[in-house]
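# here is my input; please provide its structure:
(one chain, ligands or ions: 4)
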Amino acid sequence: MPDSNIKSPESSASNGAAQIAAERPIIVKGACVHNLKNIDVTIPRNRLTVVTGVSGSGKSSLAFDTIYAEGQRRYVESLSSYARQFLERMDKPDVDFMQGISPAMAIQQKTTSSNPRSTVGTSTEIYDYVRLLFARIGKTISPVSGKQVQKDTAETVIHELFEEQEEKTRFYVLFPIDLREGRKLGEELAVLKEKGLVRLLNIETEDIIDLSTDELNLKKINPDTHRVLVDRLAVKKDDETRSRIADSVETAFREGHGRCTIKLRGGEELRYSERFERDGMEFLEPTPQMFSFNNPFGACDTCEGFGRVSGIDEDLVIPDHDKTIRGGAVAPFDSPKFNKYLRDFIRVAAREQLPIDVPYKDLDKETRRILWNGKDGYAGIHGFFEDVKSQFYKVHMRVLYSRYRGYSRCPDCEGYRVRKDALYVKVGDLHIGEVSEMTIGHARDFFDDLKLSDFEQEVAGQILYEIRKRLKYLVEVGLDYLTLDRLTNTLSGGESQRISLANSLGSSLIGSLYVLDEPTIGLHPRDNDRLINILKSLRDIGNTVLVVEHDPEMIKAADNVIDIGPFAGRYGGEVVFSGSYDGLLNSKSLTGKYLSGRKEIEVPKKRRKGSGKSITVTGASEHNLKSIDVEFPLGAMVCVTGVSGSGKSTLVHDTLYATIQKELGTWKEKVGRNRGVKGLKYVESVEMVDQSPIGRSTRSNPATYTKAFDGIRDLFAGTRQSKIMGYSPGHFSFNVPGGRCEACQGEGIQKIEMQFMADIELVCEECGGTRFRKEILQIKYRGKNIHDVLEMSVSDAIDFFTDEPSIINKLQPLEDVGLGYLRLGQSATTLSGGEAQRVKLAKFLSKTNTDHTLYFFDEPTTGLHFEDISKLLGSFNELVNQGHSVIIIEHNLDIIKSADWIIDIGPEGGFGGGQVVATGTPEEIAGVAESHTGRFLKDVL
Ligand code: ADP
Ligand code: ADP
Ligand code: ZN
Ligand code: ZN
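Ligands and ions are numbered 1, 2, ... in the order given. From the prediction side, this is the model:
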């Protein structure tokens with residue numbers, strides 16, 4: 001077994017006894033949470049353990065609801081008494097005995113931050129360190145001269161003199177006459193005279209006026225050319241001269257209100273200032289707050305730190321970034337009426353030699369600036385819209401304007417979100433906004449290459465180390481394609497989880513228990529290795545890692561595997577196998593059978609040709625897409641593949657799905673940029689079957705969602721007893737008054753609101769959690785009351801209602817997608833993302849619609865075991881056989897190999913992706929050497 005070779009300082013410092021305690025395994029005895037059947041498990045410490053099993057078998061109940069929950073309780077216990085007072089209110093997991101649990105960290109797929117300003121940079125602390133770095137070693141560059149703004153001291157003045165002037169060079173130490181704030185020359189000179197500063201030097205002629213002897217003629221004194229003379233000296237690099245110069249310069253700074261100049265005899269005048277200024281502008285000295293867009297001091301005033309202001313949307317004005325300006329890139333100018341603006345621009349462009357025959361996307365910043373803001377005779381796109389605005393009394397002008405309204409880059413901070421003067425500060429020639437817009441991969445190269453002087457190393461070495469460390473971990477978890485300024489609320493669950501993972505690695509906590517939920521989600525098989533290595537290094541620095549996972553590579557890499565099953569729900573909850581990977585292969589466990597190849601998802605013998613019709617997206621160029629044309633065959637099962645960040649969601653969700661929805665009138669958001677979508681007429685409706693919850697209400701459940709409950713209520717209302725009592729189907733609903741328990745309004749539970757923490761739910765005392773009134777519960781259908789029915793699993797209900805086709809038809813699809821274990825009344829809020837997705841799928845399968853529907857799935861295998869995937873494929877085939885079309889974004893090879901057609905996007909993530917690498921049947925893709933997907937397909941076909 002691989003042993004820890006990276007020892008952290010803490011672990012080597014710990015004493016012998018603690019060492020032994022640290023080696024004790026985690027022991028769980030008699031776990032009964034949810035469906036777990038009083039199980040015992042042992043988890044070796046400082047090892048990587050994978051918990052696997054079919055969906056719903058009880059993996060999360062063991063890993064999260066039992067082990068992690070206890071770790072968290074123990075953690076709270078170790079905190080202050082203030083925190084501990086809440087401890088007894090935390091649910092204790094239903095388990096007899098647990099030992100060896102250390103403080104636990106759960107890394108789940110939920111986005112942890114709902115702050116709309118949070119970015120990848122802020123949530124990883126990288127931005128905080130970068131702010132510190134800029135404050136410590138940033139060079140403020142004056143926008144006027146492009147020269148560095150510095151604060152001078154006697155020390156820096158002498159340093160410069162000694163470095164740059166030759167021995168014996170004669171010079172004057174001076175300071176300017178300060179006439180700001182309404183001071184009068186005569187009065188100022190009188191004050192100086194009193195202090196004994198009686199000589200003035202004309203820096204042009206080097207004539208000296210002595211105020212104590214010469215006749216004072218104010219007309220002859222000009223503050224622009226006359227300076228107050230403090231001393232006359234010559235460069236001589238010895239201590240005595242040095243201290244005399246220092247005294248004089250200090251005097252000059254003091255009397256000159258922070259300013260001092262050195263005039264070389266017969267040479268130039270060098271200006272110095274104790275203030276932070278240059279070119280007549282005073283600058284703010286960099287502080288970390290100045291670079292924070294999350295506080296009013298640092299945020300740009302115009303956009304309040306959002307980087308965008310409402311106005312004109314660039315993408316609406318320039319719908320196709322591949323067009324050239326002459327070729328009509330600017331949509332509003334492309335009409336006879338406003339063609340004048342285009343001609344104006346072309347005239348300016350000819351004079352300024354701006355390119356008008358290159359695609360918009362390749363234009364340099366300056367050309368874009370002139371195009372938008374105007375110059376000379378040309379009003380600019382912004383000016384054009386101002387003209388439009390001035391004619392708002394005309395309806396068609398208002399309509400025209402509204403067509404282009406949206407968000408645009410903030411004109412003041414140029415979208416960089418921070419106050420303008422913060423952008424004068426540079427590190428390695430870039431300002432903080434330019435650093436933020438880099439991808440993590442580029443940022444890593446930038447900071448790795450950054451060279452520090454000895455002084456900078458001293459004040460910022462540690463900060464740079466922290467930045468480099470964090471970037472390195474983010475690259476390792478496969479997120480090199482994300483930009484630091486990417487908003488965290490636009491990340492996928494898998495991406496967020498990998499960010500948390502990188503954060504944990506960076507925090508280098510040891511002796512902890514990490515619990516992860518399917519970390520491979522969203523990762524292409526190509527990147528699995530890297531992720532596995534990270535989990536191993538987390539283990540090697542002295543942590544226990546527990547991963548709920550289905551991925552074969554991950555299971556293979558585990559030191560220890562726990563297989564929960566054999567099936568789902570009440571048919572699961574047992575430990576089928578616990579031990580090494582090799583042991584698993586030879587065990588009777590279902591997972592072992594698949595992994596050893598004794599059981600497998602077969603490669604289809606034939607690929608469907610599809611209906612011959614197709615839908616084609618042309619010129620897709622949102623985010624990283626490189627203006628691609630993609631044809632999606634209909635009447636087939638199409639899989640869109642590619643590494644994480646390659647552009648799959650942008651193409652499928654933001655562009656294709658959004659366009660169809662917009663066509664159907666149900667899309668309000670932005671549609672990914674494209675030149676057109678052909679074949680829309682072949683699609684009558686679309687459904688996105690994703691992992692979002694099917695309802696936030698505890699009242700929604702599989703029975704109500706599939707509408708099977710309607711038939712069930714009719715049955716109860718139709719019983720003789722019911723008729724005698726005059727009950728209608730409504731009496732058997734827990735959503736409306738009548739039959740339901742009013743104490744809990746049919747919830748079965750009562751919520752107690754708690755201060756400082758989540759609400760506590762208690763079983764309703766009135767109905768004992770049955771949700772209905774006693775009289776209603778007396779009505780029985782074949783010996784069961786309505787509450788008994790809601791407690792049944794879907795599988796049991798199918799047996800029970802065997803003679804009722806209308807109910808069976810609704811429930812059978814749940815069974816078919818592998819959800820037979822769900823209880824009819826199980827609240828939708830307790831379903832996992834994968835379960836919710838399959839409940840939706842079941843609903844569509846039960847529909848007998850003849851409209852041609854295009855179904856979209858986004859990683860439907862999340863949370864699924866081989867066995868579940870096999871069932872899921874059955875459902876996809878069912879949809880296609882009914883005449884519908886299916887488009888799936890997927891990384892799972894069992895799904896990919898079963899597709900009729902593959903569209904492989906890439907080759908890499910982010911900027912290096914966005915192209916169509918290959919299209920074809922799985923066999924054809926396997927033959928494409930450049931396709932990462934192809935390489936992996938080859939092994940499974
Ligand atoms: P897995 O993680 O293996 O997919 P879970 O541990 O989530 O399975 O679920 C095991 C069983 O417990 C399933 O039947 C599931 O429906 C049920 N279950 C999960 N969460 C809850 C809950 N909060 N309340 C009641 N039952 C639950
Ligand atoms: P995939 O689905 O293949 O993982 P995406 O389509 O999500 O890839 O992402 C493609 C590229 O577009 C990536 O570089 C990603 O960072 C970027 N991207 C995706 N969504 C956004 C967004 N909302 N804002 C900015 N960039 C985005
Ligand atoms: Zn701004
Ligand atoms: Zn009640």
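# what sits against the residue in the stretch 751-900 of the chain that ligand 2 sits nearest to?
Per Cβ to the nearest ligand atom, Ile889 is where the stretch 751-900 of the chain lies closest to ligand 2, at 6.5 Å. Where C-beta positions appear, they are placed from N, C-alpha and C, glycine not excepted. If a contact means Cβ atoms under 8 Å, 6 or more residues apart in numbering, then Ile889 has Cys639, Val640, Thr641, Lys648, Ser649, Val652, His653, Phe857, Asp858, Glu859 as its contacts.
# who's it bridged to?
Val640, Asp858 (DSSP bridges).
# can you pull out the helices in the stretch 551-700 of the chain?
552-557, 581-585, 590-595, 648-649, 658-663 (DSSP state H, counting those that start in this stretch).
# in JSON lines, list those along with mean pLDDT, distance to ligand 2 and mean neighbour count.
JSON lines is the format used below for those (pLDDT from 0 to 100; distance: least, Cβ to the nearest ligand atom, whole Å; neighbours: other Cβ atoms under 10 Å):
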{"stretch": "helix 552-557", "mean pLDDT": "95", "distance to ligand 2": "19", "mean neighbour count": "18"}
{"stretch": "helix 581-585", "mean pLDDT": "96", "distance to ligand 2": "29", "mean neighbour count": "17"}
{"stretch": "helix 590-595", "mean pLDDT": "94", "distance to ligand 2": "27", "mean neighbour count": "22"}
{"stretch": "helix 648-649", "mean pLDDT": "95", "distance to ligand 2": "3", "mean neighbour count": "23"}
{"stretch": "helix 658-663", "mean pLDDT": "92", "distance to ligand 2": "12", "mean neighbour count": "18"}
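# minimum distance to Ser795: which of these has it?
For Ser795, the closest of these is helix 590-595, at 17.3 Å, according to Cβ to Cβ.
# CA atoms of that closest one as PDB?
This file holds the C-alpha atoms of helix 590-595, laid out as PDB (Å, rounded to 0.1, in the frame of the first residue of the first chain):
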ATOM      1  CA  LEU A 590     -23.000  -6.400  -9.200                       C
ATOM      2  CA  THR A 591     -20.300  -3.800  -9.300                       C
ATOM      3  CA  GLY A 592     -17.600  -6.500  -9.300                       C
ATOM      4  CA  LYS A 593     -19.400  -8.300 -12.100                       C
ATOM      5  CA  TYR A 594     -19.400  -5.300 -14.300                       C
ATOM      6  CA  LEU A 595     -15.800  -4.300 -13.500                       C
END
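# how distant is that helix from the center of its chain?
35 Å (Cα atoms, centre = their mean, to the nearest Å).
# got it, and stretch 449-461?
That offset, for stretch 449-461, works out to 30 Å (Cα atoms, centre = their mean).
# what does it contact?
By Cβ under 8 Å, 6+ apart, stretch 449-461 touches Leu132, Leu133, Arg136, Ile137, Val427, Gly428, Leu464.
# interface residues of the stretch 451-600 of the chain facing ligand 2?
Contacts of the stretch 451-600 of the chain with ligand 2, taken as Cβ under 6 Å from any ligand atom, map to Tyr481, Leu482, Arg486, Thr490.
# could you turn the buried ones of these into a ChimeraX selection?
With 16 or more other Cβ atoms under 10 Å as the burial test, the buried ones among those are selected in ChimeraX as follows:
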select :481,482,486
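# the longest strand along the chain: which residues count as buried?
Using DSSP state E to define each element, the chain has its longest strand at strand 226-234. Within strand 226-234, the residues scored as buried using 16+ other Cβ under 10 Å are His226, Arg227, Val228, Leu229, Val230, Asp231, Arg232, Leu233.
# nearest to Gly906, of those?
The nearest one, if we look at the buried residues of strand 226-234 relative to Gly906 and count by Cβ to Cβ, is Arg227, at 66.7 Å.
# residue contacts, that closest one?
Tyr172, Leu174, Phe175, Pro176, Ile177, Leu200, Leu201, Ile203, Thr261, Lys263 are the contacts of Arg227 under Cβ under 8 Å, 6+ apart.
# residues in contact with the strand or helix carrying Phe844?
Assessed by DSSP states H and E, Phe844 sits inside helix 833-846. Outside helix 833-846, the residues that touch it by Cβ under 8 Å, 6+ apart are 55-56, 109, 493, 687, 689-694, 702, 705-706, 809-810, 812-814, 816-819, 822, 828, 831, 853, 855, 857, 860-864, 872, 875, 878-879.
# rewinding a little: farthest pair in the contacts of stretch 449-461?
Distance extremes for these: the farthest pair is Leu132 and Gly428 at 15.3 Å, using Cβ to Cβ.
# excluding its backbone neighbours, what's nearest the residue of the stretch 151-300 of the chain found nearest ligand 1?
Closest contact between the stretch 151-300 of the chain and ligand 1, by Cβ to the nearest ligand atom, is at Asn294 (35.7 Å). Leaving aside its chain neighbours, Asn294 sits nearest to Arg117 (5.7 Å; criterion: Cβ to Cβ, 6 or more residues apart in numbering).
# SS state for that neighbour?
What DSSP: H, G, I helix; E, B strand; the rest coil gives for Arg117 is coil.
# between Leu132 and Gly428, who's got more neighbours?
Neighbour count, other Cβ atoms under 10 Å: between Leu132 and Gly428, Leu132 has more, with 20 against 15.
# look up how far ligand 3 lies from the more buried one.
22 Å (Cβ to the ion, to the nearest Å).
# before we move on, which element is Arg271 in?
Counting by DSSP H and E, Arg271 is found in strand 269-273.
# before we move on, back to that, would you mind checking the contacts of helix 833-846 for buried ones?
Using 16+ other Cβ under 10 Å, the buried ones in those are 55-56, 109, 493, 687, 689-691, 694, 702, 705-706, 810, 812-814, 816-819, 822, 828, 831, 853, 855, 857, 860-864, 872, 875, 878-879.
# go through those and flag which are in strands.
Of the buried ones among the contacts of helix 833-846, the ones assigned to strands by DSSP E are Glu687, Val689, Thr853, Tyr855, Phe857.
# in TSV: those residues, plus pLDDT and distance to Ser60.
Formatted as TSV, these follow (pLDDT from 0 to 100; distance: Cβ to Cβ, whole Å):
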residue	pLDDT	distance to Ser60
Glu687	90	27
Val689	88	22
Thr853	91	32
Tyr855	94	27
Phe857	93	22
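# which of the contacts of Ile889 ranks first by neighbour count?
For these, counting by other Cβ under 10 Å, the largest number of neighbours falls to Thr641: 32 neighbours.
# list the buried ones in stretch 435-450?
435-444, 446-447, 450.
# if we can go back for a sec, can you narrow the contacts of helix 833-846 to ones near ligand 1?
Okay, of the contacts of helix 833-846 touching ligand 1 (Cβ under 6 Å from any ligand atom), that's Ser55, Gly56, Leu822, Gly863.
# list just the nearest of those to Phe306.
Nearest to Phe306 out of these is Gly863 (Cβ to Cβ; 35.4 Å).
# for the closest one, list the residues it contacts.
Counted by Cβ under 8 Å, 6+ apart, Gly863 has contacts Ser55, Glu518, His550, Ser832, Gly833, Gly834, Glu835.
# out of the residues you listed, the closest to ligand 1 would be?
Out of these, the member with the shortest distance to ligand 1 (by Cβ to the nearest ligand atom) is Ser55, at 4.5 Å.
# quick one: secondary structure of the closest residue to that closest one other than its chain neighbours?
With sequence-adjacent residues excluded and distances taken as Cβ to Cβ, 6+ apart, Ser55 is closest to Asp868, at 4.8 Å. What three-state DSSP gives for Asp868 is helix.
# on the pLDDT front, check Asp868 for me.
Looking at Asp868, its pLDDT is 87.
# one step back: packing partners for the following helix or strand past the longest strand of the chain?
Where DSSP H and E defines the elements, the next helix or strand beyond strand 226-234 is helix 239-255. Counting contacts by 3 or more Cβ pairs under 8 Å, 6 or more residues apart in numbering; DSSP states H and E, helix 239-255 packs against helix 154-164, strand 170-176, strand 226-234, strand 259-264.
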